[in-house]
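A.B. asks: No letters, just coordinates:
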């Protein structure tokens, strides 16, 4: 199975990580893949998993829900109008025999 990231243009970056964290990352990768050659892939996956807004947007896009921003006025204009307040509705329900 081909990794989807292999088709994308990747950017090489450098990060500073304390030695203990990096060793734990290498151990995790080795246990998962029986090699440490997939460290970059695992780091990408962790970064993606920690970008919730991106994930939410991708999920919304997959559902074909419009992602255009709407103004508060548009929400107010689109609301259904209640014929009366909830207090009046409850009073009316109590008054019925």
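C.D. replies: Looks like it came in fine. Quick caveat, the model's predicted, so the values are computed rather than measured. Numbering: from 1, shown residues only.
A.B. asks: which stretches of the protein form helices?
C.D. replies: 19-33, 39-49, 52-62, 72-78, 86-95 (DSSP state H).
A.B. asks: Any chance you could list what contacts the longest one?
C.D. replies: Right, helix 19-33. Here helix 19-33 makes contact (CB atoms under 8 Å, 6 or more residues apart in numbering) with 17, 35-36, 38-39, 42-43. Where C-beta positions appear, they are placed from N, C-alpha and C, glycine not excepted.
A.B. asks: returning to that earlier point: what's the closest of the helices of the chain to residue 9?
C.D. replies: helix 39-49 (12.9 Å; CB to CB).
A.B. asks: now that closest one, how far from the centre of its chain.
C.D. replies: 15 Å (CA atoms, centre = their mean, to the nearest Å).
A.B. asks: which strands and helices sit next to that helix?
C.D. replies: helix 19-33, helix 52-62 (3 or more CB pairs under 8 Å, 6 or more residues apart in numbering; DSSP states H and E).
A.B. asks: I'd like the distance between residue 7 and residue 62.
C.D. replies: Using CB to CB, to the nearest Å, we find residue 7 at a distance of 19 Å from residue 62.
A.B. asks: which of the helices and strands packed on helix 39-49 sits most buried?
C.D. replies: helix 19-33 (a mean of 12; mean count of other CB atoms under 10 Å).
A.B. asks: Considering only helices and strands, which part of the chain has the lowest mean pLDDT?
C.D. replies: Using mean pLDDT, DSSP states H and E, the weakest-scoring helix or strand in the chain turns out to be helix 72-78, at a mean of 70.
A.B. asks: Show me which residues of stretch 38-53 are buried.
C.D. replies: 38-39, 42 (16 or more other CB atoms under 10 Å).
A.B. asks: circling back: do you know which of the helices of the chain lies nearest residue 13?
C.D. replies: The nearest among the helices of the chain, by CB to CB, is helix 39-49 at 9.4 Å.
A.B. asks: now that closest one against helix 19-33, angle please.
C.D. replies: Relative orientation of helix 39-49 and helix 19-33, computed by axes from the mean of the first three to the mean of the last three CA atoms, to 10 degrees: 100 degrees.
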